[in-house]
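Undergrad: based on what follows, work out the 3D shape:
(chains A and B)
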Amino acid sequence: MKMRYGITLLLAVTVLMAWPVKAHCENEILIGLIPEENIFNQMDRYRPLAAYLSKKIETPVRFTILSRYGDVMDRFVSRKMDGAFFGVFTGVLAMEKIDAVPVARAVNLDGSSTVQSYIFVRNNSGIRDVEGMKGKRITFVDRATVTGYLYALSYLKEFGVSDPESYFMEVSFTGSHGSTIYAVLDGRADVGTVKSKIYQLLVAKDSTIKEELMIIARSQEFPDTTLFLRKDIPETLLSRIKAALFNMEKDPEGITVLKKLEAQKFIEAKKKDFASFYDVARKAGITVKTYKYK
Amino acid sequence: MSLRPGGLAFIVVTLLVVLISLPVQGLAAENTIGVIMTGDIPYYQDLHKAFMARLGQSGPLSKTEVILQKPYPDDISLSNAARKLIAMDVDAIVAYGAPAAIAVVKERTKIPLVYAAVYEPLMPEVKARNSTGVYVRLSISSLLRYLRSLNQINTLGVVYSSHEEDSVYQFSELTKLATQYGMKIDGINLKRYQDAEAKFAGRKMDAVLLTGSSVAHMAMGQVIEYAREKKIPYASFFLCTDGHAIVSLAASPNSQGEKIAEKVQKILDGVPPDKIRSEAASNIELIFNMKEATALGMKLSMELVTEATRLIK
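TA: A predicted model of the protein is given here:
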């Protein structure tokens, strides 16, 4: 009798421990999206991909916006997510803190699969270098982004600015790349730093933006938004997801979805793609383990 | 020792003069500041309130007399207001808006000038050895961009006043932008706000943009009436506490008022104006009036809503 109780208890504990981890995989795949642009536009662009993947892997796939960059990792764990489209910094965090695995990333319409960070100002601001930024207002995206913060931090350090709070009159964070661009355009900030892809997207929509803004620094190339999955995702499911993504450009339905995403195709992502991050981190004087990004 | 009648009279008169002048001397302000508003509109009233509040914090207001002039925003009235303050030999002149500041500069006075709400492209006309202040760096193209996201605009009505240099400049900027967007500009030059109704009559516009003109904002009521009747969006370069446009992009009047009060205080303390840094207004507000948009049957996209620094619901 005691033995049976023991076995039952052991089974119950095993089930309880395994359940939260497997819950999503069995019934639904939950994928997070970091807020790159206006979240409503972003959701619009990604929604068809969720429907496409659901059909191809025969498991419902749902995308959800991870409300803030800084909370991404906590939310990933607390919401028991199966994966997320991460940027460079959040991707490195995911690899280092929860052993997430980079799976795929999109190739943009221009053939690129990497992005840069731009530091930009209004054309008529008179600001052309770091010296000209003194006493002005700078706006970043979030502390947990390379293209929207860390590159700018390393750039400023290179020019002798180690404490932006005292160098600038105002330091702010907008929470998305799109909002950073609009803040500088409107005159709500003087200097901004964003991901090149979002900058190009907005310029393509409205050419006057290009005339009004001036890029004064460009970073090295970083991998574009990458799909990461939990390390313990079942191998069969992983294979099905990869097959669906890597064959999209050969499938008419997939081509329509790629068009909406403004991408040519998906390619395989690897850990080594993120090496450029560590160079920026070193220049910015941060280490992933100790960096307070929240 | 006896006094001659004439000598007694002299002493009595002298005593009287001293007695009369004593209380006056005791109450008289130590400093006099002249203030000129480019038109009596809520935006400048808010700016002035913030200016007075901060001035009161930096020193007892009883020691400072503030003479406020609210001339109609035209060249002659503004120039008269400036001359009046110069004739009074005030310690500093404060000007709200580029037209008021330009009117003071044109008088070539040596009295220090502290300006606020001066549209940045007009700064060369305001910069002088004896001037400092806060200028406004705003993007007319941004305001147009937000307005365009509310309605398909083929014809944009632009309300400006040829008496106000900043609004003329913005009108010309908009005309250039319109070509790029393939829009037609219908300029409404308002010299008197009372003419607004007649000027709007019979026009076909898809949206109205009010430049940073005081006369245009004095006619805000008529603009709102027209926009409601035609169900078209309207945008403003000022914040109007008495009637918010559907989209407003403006520098906060409060923070400008506070900043110029600090500059005036420095001048009163003896710092020459050219040693006081002029600066750009830092607190820029983007306001969407959801309440009015809904009343006009328009839906503000979530993209717009997320950009707003303030929403009126």
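
Undergrad: neighbouring contacts of the strand or helix carrying residue B:102?
TA: Residue B:102 belongs to helix B:98-106 when assigned by DSSP states H and E. Outside helix B:98-106, the residues within contact range by CB atoms under 8 Å, 6 or more residues apart in numbering or on different chains are B:36-38, B:71, B:73, B:75, B:78-79, B:81-82, B:93, B:95, B:113, B:115, B:117-119, B:122, B:125-126, B:128, B:131, B:133, B:163-166, B:214. Any C-beta I mention is one placed from the backbone N, CA and C, and that applies to glycine too.

Undergrad: can you tell me the centre-most residue of chain A?
TA: residue A:87 (2.6 Å; CA atoms, centre = their mean).

Undergrad: wait, isn't that one in contact with residue A:146?
TA: Yes: counting by CB atoms under 8 Å, residue A:87 does reach residue A:146; the two are 6.8 Å apart.

Undergrad: quick revisit: can you name the next helix or strand after the helix holding residue B:102?
TA: Next along from helix B:98-106, by DSSP H and E: strand B:113-119.

Undergrad: so where is the chain shaky, pLDDT-wise?
TA: Let's take chain A. Along chain A, segments meeting pLDDT under 70 span A:1-26, A:36-37, A:67-71.

Undergrad: my question was about chain B, not that one.
TA: B:1-28, B:59-62, B:240-243.

Undergrad: enumerate the residues of it near chain A.
TA: Contacts of chain B with chain A, taken as CB under 8 Å from any CB of the partner chain, map to B:137-139, B:141-142, B:145, B:177, B:180-181, B:249, B:280, B:282, B:284, B:286, B:301-303, B:306-307, B:309.

Undergrad: can you tell me which of those residues end up in strands?
TA: Of the positions in those, B:249, B:280, B:284, B:286 sit in strands, assigned by DSSP state E.

Undergrad: who wins for neighbours among those?
TA: Of all these, the most densely surrounded is residue B:249 (27 neighbours; neighbours counted as other CB atoms under 10 Å in any protein chain shown).

Undergrad: the residue nearest to residue B:206 when sequence neighbours are not counted: which element?
TA: Spatial nearest neighbour of residue B:206, excluding adjacent residues (CB to CB, 6 or more residues apart in numbering or on different chains): residue B:153 at 4.5 Å. Under DSSP H and E, no helix or strand contains residue B:153.

Undergrad: ok, back up a step: which of the residues of chain B next to chain A fall in helices?
TA: Judged by DSSP state H, the residues of chain B next to chain A include B:141, B:142, B:145, B:177, B:180, B:181, B:302, B:303, B:306, B:307 as members of helices.

Undergrad: distance of the residue nearest to the centre of chain A from residue A:252?
TA: According to CB to CB, to the nearest Å, residue A:87 and residue A:252 sit 30 Å apart.

Undergrad: please apply the same query to residue A:181.
TA: Residue A:181 is 34 Å from residue A:252, by CB to CB.

Undergrad: buried stuff in the helix holding residue B:102?
TA: B:98, B:99, B:100, B:101, B:102, B:103, B:104, B:105 (16 or more other CB atoms under 10 Å in any protein chain shown).

Undergrad: equivalent analysis for stretch B:87-99, please.
TA: Under 16+ other CB under 10 Å, the buried positions of stretch B:87-99 are B:90, B:91, B:92, B:93, B:94, B:95, B:96, B:97, B:98, B:99.

Undergrad: what about the closest residue to the fifth one other than its chain neighbours, how many neighbours?
TA: Spelled out, that is residue B:94. Excluding its sequence neighbours, the residue lying closest to residue B:94 (CB to CB, 6+ apart) is residue B:35, at 4.5 Å. Residue B:35 is flanked by 27 other residues according to other CB under 10 Å.

Undergrad: so who does residue B:35 touch?
TA: Neighbours of residue B:35 in contact, by CB under 8 Å, 6+ apart: B:48, B:51, B:66, B:67, B:68, B:69, B:93, B:94, B:95, B:96.

Undergrad: buried ones among the contacts of helix B:98-106?
TA: B:36-38, B:71, B:73, B:78-79, B:81-82, B:93, B:95, B:113, B:115, B:117-119, B:122, B:126, B:128, B:131, B:133, B:163-166, B:214.

Undergrad: just the ones in helices from those, please.
TA: Filtering the buried ones among the contacts of helix B:98-106 for helices - DSSP H - leaves B:78, B:79, B:81, B:82, B:126, B:165, B:166, B:214.

Undergrad: who does the residue in the stretch 151-300 of chain B positioned nearest to chain A bridge with?
TA: Distances between the stretch 151-300 of chain B and chain A by CB to the nearest CB are smallest at residue B:284, namely 4.3 Å. Bridge pairing for residue B:284 (DSSP bridges) gives the partners residue B:251.

Undergrad: for it, what are its contacts?
TA: Taking CB under 8 Å, 6+ apart as the test, what residue B:284 contacts is A:186, A:187, A:188, B:138, B:249, B:250, B:251, B:252, B:309.

Undergrad: does the closest residue to residue A:265 other than its chain neighbours belong to a helix, a strand or coil?
TA: Distances taken as CB to CB, 6+ apart place residue A:249 nearest to residue A:265, at 3.9 Å, with adjacent residues excluded. Secondary structure, DSSP: H, G, I helix; E, B strand; the rest coil: residue A:249 is helix.

Undergrad: wait, what's in contact with residue A:249?
TA: A:255, A:258, A:264, A:265.

Undergrad: just the buried subset of those residues, please.
TA: A:258, A:264, A:265.

Undergrad: next step: the residues you listed restricted to strands.
TA: Using DSSP E, the buried ones among the contacts of residue A:249 in strands are A:264, A:265.

Undergrad: same list (the buried ones among the contacts of residue A:249) but as a markdown table, adding distance to residue A:243.
TA: Below are the buried ones among the contacts of residue A:249 laid out as a markdown table (distance: CB to CB, whole Å):
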| residue | distance to residue A:243 |
| --- | --- |
| A:258 | 15 |
| A:264 | 18 |
| A:265 | 13 |
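
Undergrad: what about residue A:31, helix or strand, and which?
TA: Here residue A:31 is assigned to strand A:29-33, by DSSP H and E.

Undergrad: show me what that strand is packed against.
TA: helix A:39-57, strand A:61-65, helix A:72-78, strand A:83-86 (3 or more CB pairs under 8 Å, 6 or more residues apart in numbering or on different chains; DSSP states H and E).

Undergrad: spell out which parts of the stretch 51-200 of chain A neighbour chain B.
TA: Checking the stretch 51-200 of chain A against chain B by CB under 8 Å from any CB, the hits are A:122, A:125, A:137, A:169-170, A:176, A:179, A:182, A:185-188, A:190.

Undergrad: which among the residues you listed gets closest to residue A:196?
TA: residue A:176 (14.9 Å; CB to CB).

Undergrad: touching, the closest one and residue A:39? I think so.
TA: Yes: using CB under 8 Å, residue A:176 is in contact with residue A:39, at 7.2 Å.

Undergrad: out of the buried ones among the contacts of residue A:249, which one sits closest to chain B?
TA: residue A:258 (22.9 Å).

Undergrad: that closest one contacts residue A:250, doesn't it?
TA: No: the pair residue A:258 and residue A:250 does not pass the contact test of CB under 8 Å, sitting 10.8 Å apart.

Undergrad: re earlier: give me the more crowded residue out of residue A:176 and residue A:39.
TA: More crowded of residue A:176 and residue A:39, by other CB under 10 Å: residue A:176, with 28 against 20.

Undergrad: grab the nearest non-local neighbour of the more buried one.
TA: residue A:35 (4.9 Å).

Undergrad: and what of residue B:280?
TA: Nearest to residue B:280 is residue B:137, by CB to CB, 6+ apart, at 4.8 Å.
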